[in-house]
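Engineer: here is the input, now give the coordinates:
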Amino acid sequence: MSADSTEPGASAELPETDDAGEQLDAVIEAHEATDWSEVPGVTVAEAAAWTSRLVEARDELEAKR
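Structural biologist: Purely as a prediction, here's the structure:
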């Protein structure tokens, strides 16, 4: 899914940064802002699991800093 504003649940563009933590934060925010009930083939439960994995990845990255 792209961040094209014409798509249901689309959000703002991701920031241009080399910092992986900032990128993960932006992806998590976009993911949480998406109305997954409008995305064909993706259940809300699947999307919640993806968000959880993204948060875990960010936490692991921060722990390594």
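Engineer: and the residue nearest to Val27 when sequence neighbours are not counted, what does it touch?
Structural biologist: Nearest in space to Val27, with sequence neighbours left out and distances taken as Cβ to Cβ, 6 or more residues apart in numbering, is Leu54 at 6.0 Å. Where you see a C-beta, it was placed from the backbone N, CA and C, and this is true even at glycine. The neighbours of Leu54, taking Cβ atoms under 8 Å, 6 or more residues apart in numbering as the test, are Leu24, Val27, Ile28, His31.
Engineer: mark which of the residues you listed are buried, thanks.
Structural biologist: The neighbour count (16 or more other Cβ atoms under 10 Å) marks Leu24, Val27, Ile28, His31 as buried among the contacts of Leu54.
Engineer: test my guess that the third one contacts Arg58.
Structural biologist: Yes - the pair Ile28 and Arg58 passes the contact test of Cβ atoms under 8 Å, sitting 6.6 Å apart.
Engineer: thinking again about what came up before, ok, so of the buried ones among the contacts of Leu54, who is nearest Ala49?
Structural biologist: The nearest member of the buried ones among the contacts of Leu54 to Ala49, counting by Cβ to Cβ, is His31 at 11.1 Å.
Engineer: wait, what's in contact with that closest one?
Structural biologist: Per Cβ under 8 Å, 6+ apart, neighbours of His31: Ala47, Trp50, Thr51, Leu54.
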